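Peer 1: just to be clear, the model below is a prediction. Sequence and coordinates:
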Amino acid sequence: MGRIEINPEICSGKPVIRGTRIMVRNILGMVAAGCSVDQILHSYPDLEREDVESALEYAAQVIDREQVIAH
C-alpha cells in the first residue's frame with residue numbers, strides 16, 4: 001500500500017494517491033456510484049490500476065481496524 005500517502009500538507013491530511021492530490025475518498029465514491037476501474041482510470045488519467053486497487057485495500061484495512069459499538 002505504498003501508493004497511499006497521508007501528509008498534513010496535502011489535502012488537509014486526507015489519504016491521497018502518492019504524488020497526486022487525488023483523494024482515496026474520491027475513488028471510493030466512484031466505486032460506490034458503480035463506476036468500473038476503467039471508468040475511474042478514464043476520469044483520472046494520472047492513475048494506474050494499482051492505485052485504484054491500493055485505495056480499495058486501504059479502505060478495507062481502515063474498516064477492519066474500526067471498532068463498531070452497538071447502540
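Peer 2: That came in fine, so what should we check first? Remember, predicted model here, so these are calculated numbers, not experimental data.
Peer 1: got the contact list for residue 49?
Peer 2: Listed by C-beta atoms under 8 Å, 6 or more residues apart in numbering, the contact set of residue 49 reads 37, 41. No exception for glycine: its C-beta is placed from N, CA and C like everyone else's.
Peer 1: so how far is residue 41 from it?
Peer 2: According to C-beta to C-beta, to the nearest Å, residue 49 stands 7 Å off from residue 41.
Peer 1: what of residue 5?
Peer 2: Look at residue 5 and residue 41: by C-beta to C-beta, they are 19 Å apart.
Peer 1: is it true that residue 25 touches residue 14?
Peer 2: Yes - using C-beta atoms under 8 Å, residue 25 is in contact with residue 14, at 6.8 Å.
Peer 1: mind checking the end-to-end distance for stretch 28-45?
Peer 2: Using C-alpha to C-alpha, to the nearest Å, one end of stretch 28-45 lies 16 Å from the other.
Peer 1: now do the buried residues in it.
Peer 2: For stretch 28-45, burial by neighbour count (16 or more other C-beta atoms under 10 Å) applies to 28, 30, 31, 35, 37, 40, 41, 44.
Peer 1: show me the contacts for the first one.
Peer 2: Residues near residue 28 by C-beta under 8 Å, 6+ apart: 55, 56, 59.
Peer 1: now swap in the last one and tell me
Peer 2: With C-beta under 8 Å, 6+ apart as the criterion, the residues that contact residue 44 are 20, 22, 27.
Peer 1: so residue 56: helix, strand or coil?
Peer 2: Of the three states, residue 56 takes helix according to DSSP: H, G, I helix; E, B strand; the rest coil.
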